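In: 3D model of this:
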Amino acid sequence: MNLHGVWAIYRFEMARALRTLWQSLVAPVLTTSLYFIVFGGAIGSRMQTVDGVGYGSFIVPGLIMLSLLTQSVGNASIGIYFPKFTGTVFELLSAPISAMEMVLGYVGAAATKSVVLGLIILATSAFFVPITVLHPGAMIAFLLLTALAFSLFGFILGIWAGSFEQLNFVPMLLITPLTFLGGSFYSIDMLPQPWRTVSLFNPVVYLVSGFRWSFFGKGDVDIALSLGVTLGFLVVCLAIIAWIFKSGWRLKS
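Out: Here you go, the predicted model:
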């Protein structure tokens with residue numbers, strides 16, 4: 001294990017986040033505050049509770065998951081896309097560092113930034129609504145697994161993208177809509193049939209539900225199923241990355 005190589009990539013990516021501190025941390029926190037003002041004020045005044053939980057508190061896991069997914073994908077994708085764009089990826093590929101070590105550096109940094117952001121948003125939420133975490137261990141586990149899984153997905157996206165337009169296409173037109181439709185601001189049990197059944201095909205539903213269960217002890221789907229879907233998605237992303245480095249797809253051409 002080339003720990004020096006992993007640490008060099010990790011440190012460089014973390015330093016990039018510090019150089020863009022406003023974009024990396026402050027902007028998402030301000031956005032979260034606006035969500036509370038709009039959703040908590042406008043909808044919360046009409047919808048007092050959801051499943052026995054105050055609406056303001058109910059949307060906290062969804063807000064954290066919304067930022068976690070978008071930031072994980074964005075941080076990891078730009079991290080590997082930029083070396084491709086500048087041509088320095090060939091120096092990485094010829095350096096004495098394995099594919100696993102490269103992924104550890106980039107994905108580890110992206111996941112770290114996303115988890116830190118999620119915890120900051122959780123702390124910010126406490127200024128607006130009362131926060132209760134019934135299962136803190138499960139909350140940390142879902143936070144880490146989701147950040148890792150979607151950082152891996154972002155890594156794949158960064159390798160696939162051939163332009164900045166393609167790099168922004170998936171987060172804007174896939175990740176964000178799926179998160180909004182995945183029960184971030186409502187329970188899918190509130191949906192009539194067949195829309196509730198259709199929602200179960202959205203993988204984000206399982207992430208949000210599992211994360212919300214760690215807060216309130218209740219979710220839209222079984223906690224074991226939520227954990228299984230999260231782990232399954234992570235394994236699929238790992239398998240795709242292993243194939244990419246084995247075949248050299250979009251890296252060596």
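In: Show me where the stretch 1-150 of the chain has its strands.
Out: All strands of the stretch 1-150 of the chain, identified by DSSP state E, counting those that start in this stretch, fall at 49-50, 53-54.
In: Below-threshold pLDDT in the stretch 1-150 of the chain: ranges please.
Out: Within the stretch 1-150 of the chain, the segments meeting pLDDT under 70 span 40-48.
In: try 80
Out: For the stretch 1-150 of the chain, the stretches flagged by pLDDT under 80 are 1, 20-29, 32, 35-51, 87-90, 93.
In: Show me where it has its helices.
Out: In chain order, the stretch 1-150 of the chain shows helices spanning 3-19, 21, 27-35, 55-58, 60-86, 89-94, 99-125, 136-160, with DSSP state H, counting those that start in this stretch as the criterion.
In: now the second one, how far from the chain's geometric center?
Out: Offset of helix 21 from its chain centre (CA atoms, centre = their mean, to the nearest Å): 18 Å.
In: Can you tell me, leaving aside adjacent residues, what's nearest to Ser33?
Out: Nearest in space to Ser33, with sequence neighbours left out and distances taken as CB to CB, 6 or more residues apart in numbering, is Thr124 at 6.6 Å. C-betas here are computed from N, CA, C, even on glycine.
In: Tell me who's in contact with the one you found.
Out: Residues near Thr124 by CB atoms under 8 Å, 6 or more residues apart in numbering: 29, 32-33.
In: which of the residues you listed are buried?
Out: Those of the contacts of Thr124 that meet the buried threshold are 32-33, by 16 or more other CB atoms under 10 Å.
In: Contacts for stretch 74-90, please.
Out: Contact with stretch 74-90 is made by 13, 16-17, 92, 106-107, 109-111, 113-114, 150-155, 157-159, 161, 167, 171, 250-251, as judged by CB under 8 Å, 6+ apart.
In: Check stretch 139-154 too.
Out: With CB under 8 Å, 6+ apart as the test, stretch 139-154 has contacts from 64-65, 68-69, 72-77, 79, 103, 106-107, 110-111, 114-115, 118-119, 133, 175, 207, 210-211, 214-215, 226-227, 230-231, 233-234, 237-238, 241.
In: swap in stretch 100-115?
Out: For stretch 100-115, the external contacting residues (CB under 8 Å, 6+ apart) are 1-2, 5-10, 13-14, 17, 24, 67-68, 71-72, 75-76, 79-80, 92, 143-144, 147-148, 150-152, 154-155, 241.
In: Just the buried ones from these?
Out: Counted by 16+ other CB under 10 Å, those give 2, 5-6, 9-10, 13-14, 17, 24, 67-68, 71-72, 75-76, 79-80, 92, 143, 147-148, 150-152, 154-155, 241 as buried.
In: can you tell me how far the most centrally placed residue in the chain sits from Pro203?
Out: Within the chain, the residue whose C-alpha comes closest to the C-alpha centroid is Leu69; the distance, by CA atoms, centre = their mean, is 2.2 Å. Relative to Pro203, Leu69 is positioned 10 Å away (CB to CB, to the nearest Å).
In: thinking again about what came up before, I figured the residue nearest to the centre of the chain hits Pro177, correct?
Out: No. Between Leu69 and Pro177 no contact is recorded; they are 11.3 Å apart, counting by CB atoms under 8 Å.
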